[in-house]
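Participant: structure, please.
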Amino acid sequence: MLAPPFDREAIDQLIGDLADRGFGVLTDAIAAPLVDRLVADCIAREDSGEMARAAIGREEAHTLETRIRRVDAAWLDGRSDGEAAFLALAEQIRSAINRRLYLGLFEFEAQFLTYPPGGFYARHLDSLRGTRNRIVSMVVYLNSDWEPAHGGELDIWSEKDDFGPPMATVAPRAGTMVLMLSEEIPHAVRSANAQRRVIAGWFRVNASTGQRADPAR
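Facilitator: Here you go, the predicted structure:
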């Protein structure tokens, strides 16, 4: 099976850590066959020229800022069996979070990210408090041959006013999944010394009003 269901106990622990600490880390969350398929899908996007230099912000605040972020991105759209399987797993996570934490998560969006050598992402939050466009962030790593010399680790702090050493540093090994509260948990990607592939996703609530529709992107 390309994407067997998640282990219930492991997902309960991951979501429990998200509730208690604002983030959780689960190694070997994604099975190797699906990782391999997603890597192939990401490489296909790179080879076809679909990857674009990722920008900062949404809508009127959407800008290209290479001092903060150097990474290429393409949206997942479920076109391949690998993408479809991954999005189905994300739906399992969304349902499990809603059952446990009652967050009312409504939809999920995700990107392939390719960090070239020298690629990085400075410390940031995925969503400003009160904007409610992204509630829980997900990161899944696709680097089967990662070694410490390759860099690109994820540093995580406990709260936005914490500027001391990170609470956790996550190696970008294939299959590892990270969940974070988008409005509360600052994080940064260390400079990569080798090409590094990631899926970054965000669970959102429906912020539509009578005056404005709220599409995923």
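Participant: what ranges do the helices span in this protein?
Facilitator: If you assign secondary structure with DSSP state H, the helices in the chain sit at 8-21, 32-48, 81-101.
Participant: any chance of these in CSV, plus distance to R134, mean pLDDT and mean neighbour count?
Facilitator: For every residue, glycine as well, the C-beta is placed using N, CA and C. Conversion of the helices of the chain to CSV gives the following (distance: least, C-beta to C-beta, whole Å; pLDDT from 0 to 100; neighbours: other C-beta atoms under 10 Å):
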stretch, distance to R134, mean pLDDT, mean neighbour count
helix 8-21, 14, 95, 15
helix 32-48, 21, 96, 17
helix 81-101, 13, 96, 17
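Participant: now for this structure, the helix or strand with the poorest mean pLDDT.
Facilitator: Lowest on mean pLDDT, DSSP states H and E among the helices and strands of the chain sits strand 69-70, with a mean of 75.
Participant: what residue ranges in this structure score low on pLDDT?
Facilitator: 54-69, 128-132, 207-217 (pLDDT under 70).
Participant: tell me where it has strands.
Facilitator: Listed in chain order, the strands of the chain (DSSP state E) span 23-26, 52-53, 69-70, 72-75, 107-115, 120-124, 136-141, 154-156, 168-170, 177-181, 187-189, 196-204.
Participant: in JSON lines: these, plus distance to A96.
Facilitator: Shown next, in JSON lines, are the strands of the chain (distance: least, C-beta to C-beta, whole Å):
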{"stretch": "strand 23-26", "distance to A96": "12"}
{"stretch": "strand 52-53", "distance to A96": "32"}
{"stretch": "strand 69-70", "distance to A96": "30"}
{"stretch": "strand 72-75", "distance to A96": "24"}
{"stretch": "strand 107-115", "distance to A96": "13"}
{"stretch": "strand 120-124", "distance to A96": "26"}
{"stretch": "strand 136-141", "distance to A96": "11"}
{"stretch": "strand 154-156", "distance to A96": "21"}
{"stretch": "strand 168-170", "distance to A96": "21"}
{"stretch": "strand 177-181", "distance to A96": "10"}
{"stretch": "strand 187-189", "distance to A96": "22"}
{"stretch": "strand 196-204", "distance to A96": "11"}
